[in-house]
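[1] my questions concern the predicted model and sequence given below.
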Amino acid sequence: MEDKVFYRDTWAEIDLDALYSNISQIREYLPEETKIFAAVKANAYGHGDIPTSKTVLAAGVHGLAVAFLDEALAIREAGITAPILVLGASRADDAWIAARKNISLTVFQVDWLQEAEKVIPAGTNLRVHIKCDTGMGRIGITKEDELEQIEDFILQSDRFFFEGIFTHFSTADQLDETYYNQQLSRFQYFLSCLKTLPPYIHAANSAGALCHHDSLFNTVRIGIAMYGLSPSDEIKDNLPFNRKEVFSLHTKITHVKKLHVGEKVGYGADYTATKDEWIATLPIGYADGWIRKLKGFEVIADGEMVPIVGKICMDQTMIKLPRSMPVGTQITLIGKQKEHFISVDDVAKKLETINYEVTCAITNRVPRVYKTSKKV
Ligand SMILES: Cc1ncc(COP(=O)(O)O)c(C=O)c1O
């Protein structure tokens with residue numbers, strides 16, 4: 001992996017050994033014939049798409065799944081030749097480049113196929129997966145006649161290869177299986193309408209693959225679980241592997257000062273010292289995705305939990321220390337330091353959101369440092 005120098009004491013540490021271990025355990029848990037597409041969209045949920053892709057491919061995943069064609073092209077650009085599926089909608093005009101780069105696209109409109117057919121050069125073909133909307137209400141065909149038209153169009157054209165068909169569950173991470181079962185039956189019905197079954201049939205995300213044996217078909221799409229995070233609180237104790245969080249976030253103190261009673265901290269001057277207090281400044285702020293709602297959240301300084309005080313600024317955050325600490329002291333915002341551990345879920349809880357959003361939201365201004373047992 002290429003080494004890069006950063007001039008900033010804030011970094012996200014990506015534990016590639018944990019990633020490798022999570023995905024190999026998932027690989028072992030699933031039937032051998034089940035192919036895994038690893039969801040590395042959104043810069044691998046903020047973990048870094050290229051190092052993540054290389055690691056999970058080495059650990060036995062079959063292919064990669066992204067949201068947009070640009071993401072797929074960036075992975076090809078990095079020299080990765082594994083199958084890549086674009087899960088979201090792409091422009092028909094761009095079908096030629098996907099065909100040329102051997103990238104599979106998601107399709108669900110006949111008009112789109114007609115337009116795409118015009119731009120795919122003779123002698124090449126585009127691998128397509130038909131998306132069925134079985135209840136997510138997002139993209140995909142909803143009726144059997146749409147499916148029939150699309151399948152017929154693909155089969156009669158030499159510019160397309162019918163590579164897959166899939167759907168996406170909206171409640172696989174819930175214990176109540178009622179809606180999940182409705183979606184599953186609808187998908188099974190769509191499959192029964194096909195004239196020919198394509199090589200890849202897939203429905204399951206992490207929750208589906210790990211908690212619903214009937215959703216595997218022959219391929220699954222695993223995202224959040226390989227990053228060591230649970231798809232939801234409801235099923236966090238049902239995951240059949242020993243997960244380890246891959247993402248952690250750290251910074252170092254840039255300034256420490258003693259405040260006296262009545263002195264203030266931050267924009268709006270809304271934090272006031274009630275006695276002599278040690279306040280430290282950290283070089284991370286909302287422009288890094290460490291957003292203002294985290295005011296009051298506790299981070300780890302020299303093995304102790306300490307609160308964020310005052311409003312989080314664009315580039316800086318202030319914390320209250322129990323005593324003076326040297327400039328350069330490492331502060332852990334997510335992850336383990338001495339006895340304490342802050343999980344991505346703790347941050348999600350404070351932000352009243354899901355763990356997916358937390359790692360995705362840490363912006364590219366924060367360097368990702370890749371750690372393995374061999375090398376940092
Ligand atoms: C279509 C599709 N498949 C698979 C995934 C991966 O889901 P998860 O991260 O829950 O495993 C996603 C994630 O959003 C998705 O949109």
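    Received the coordinates, thanks. Numbers count the residues shown, from 1 in each chain.

[2] how many other residues sit next to whichever residue of the chain sits closest to the ligand?
    Residue of the chain nearest the ligand, by C-beta to the nearest ligand atom: residue 223 (2.4 Å). No exception for glycine: its C-beta is placed from N, CA and C like everyone else's. A count of neighbours around residue 223, defined by other C-beta atoms under 10 Å, yields 21.

[3] any idea of the pLDDT on it?
    Listed pLDDT for residue 223 reads 98.

[4] mind listing what residue 13 touches?
    Neighbour list for residue 13: 247-250, 335, 368-369, 371 [criterion: C-beta atoms under 8 Å, 6 or more residues apart in numbering].

[5] how many residues are close by the closest residue to residue 225 other than its chain neighbours?
    Leaving aside its sequence neighbours, residue 225 sits nearest to residue 206 (C-beta to C-beta, 6 or more residues apart in numbering; 3.7 Å). Neighbour count for residue 206, taken as other C-beta under 10 Å: 25.

[6] now residue 206: phi and psi?
    The phi/psi pair for residue 206 (degrees, to the nearest 10) reads phi -60, psi -50.

[7] tell me the spacing between it and residue 253.
    According to C-beta to C-beta, to the nearest Å, residue 206 stands 37 Å off from residue 253.

[8] show me the contacts for the spatially most central residue of the chain.
    For the chain, the residue nearest the mean C-alpha position is residue 45 (2.5 Å; C-alpha atoms, centre = their mean). Residues in contact with residue 45 (C-beta under 8 Å, 6+ apart) are 39, 223-224, 227, 356, 359-360.

[9] which bits of this structure sit near the ligand?
    Proximity of the chain to the ligand, by C-beta under 6 Å from any ligand atom, involves residues 39, 87, 168, 205-207, 221-225, 231.

[10] mind putting those into JSON lines with secondary structure?
    Formatted as JSON lines, these follow (DSSP: H, G, I helix; E, B strand; the rest coil):
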{"residue": "39", "secondary structure": "strand"}
{"residue": "87", "secondary structure": "coil"}
{"residue": "168", "secondary structure": "coil"}
{"residue": "205", "secondary structure": "coil"}
{"residue": "206", "secondary structure": "helix"}
{"residue": "207", "secondary structure": "helix"}
{"residue": "221", "secondary structure": "strand"}
{"residue": "222", "secondary structure": "strand"}
{"residue": "223", "secondary structure": "coil"}
{"residue": "224", "secondary structure": "helix"}
{"residue": "225", "secondary structure": "helix"}
{"residue": "231", "secondary structure": "coil"}
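
[11] of the contacts of residue 45, which pair is most distant in space?
    Spanning the widest gap among those are 39 and 359, at 12.5 Å by C-beta to C-beta.

[12] ranges for the helices of the stretch 1-150 of the chain?
    Listed in chain order, the helices of the stretch 1-150 of the chain (DSSP state H, counting those that start in this stretch) span 16-29, 41-45, 49-58, 69-77, 95-100, 110-119, 144-156.

[13] turn those into JSON lines, columns for mean pLDDT and distance to residue 196.
    Output for those, formatted as JSON lines (pLDDT from 0 to 100; distance: least, C-beta to C-beta, whole Å):
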{"stretch": "helix 16-29", "mean pLDDT": "98", "distance to residue 196": "29"}
{"stretch": "helix 41-45", "mean pLDDT": "98", "distance to residue 196": "29"}
{"stretch": "helix 49-58", "mean pLDDT": "98", "distance to residue 196": "29"}
{"stretch": "helix 69-77", "mean pLDDT": "98", "distance to residue 196": "26"}
{"stretch": "helix 95-100", "mean pLDDT": "98", "distance to residue 196": "21"}
{"stretch": "helix 110-119", "mean pLDDT": "98", "distance to residue 196": "16"}
{"stretch": "helix 144-156", "mean pLDDT": "98", "distance to residue 196": "7"}
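
[14] nearest to residue 175, out of the ones you listed?
    Short answer: helix 16-29, nearest of those by C-beta to C-beta, at 19.5 Å.

[15] tell me who's in contact with the nearest residue to residue 43 once chain neighbours are set aside.
    Using C-beta to C-beta, 6+ apart and skipping residues adjacent in sequence, the residue nearest residue 43 is residue 49, 5.1 Å away. Residues near residue 49 by C-beta under 8 Å, 6+ apart: 40, 43, 66, 71, 74-75.

[16] repeat that for 10 Å
    Counting by C-beta atoms under 10 Å, 6 or more residues apart in numbering, residue 49 touches 40-43, 64, 66, 71-72, 74-75, 78, 80.

[17] measure the residue nearest to residue 225 to residue 29 for me?
    According to C-beta to C-beta, residue 206 stands 12 Å off from residue 29.

[18] what residues do the two have in common as contacts?
    Common neighbours of residue 206 and residue 29 (C-beta under 10 Å, 6+ apart) are residue 239.

[19] hey, what's in contact with both of residue 39 and residue 359?
    Counting by C-beta under 10 Å, 6+ apart, the residues touching both residue 39 and residue 359 are 45, 224, 227.

[20] go ahead and confirm the second one touches residue 348.
    No: proximity of residue 224 to residue 348 does not meet the contact threshold set by C-beta atoms under 10 Å, at 11.5 Å.

[21] leaving out chain neighbours, which residue sits closest to residue 221?
    Sequence neighbours aside, residue 37 is the residue nearest to residue 221 in space, at 4.8 Å (criterion: C-beta to C-beta, 6+ apart).
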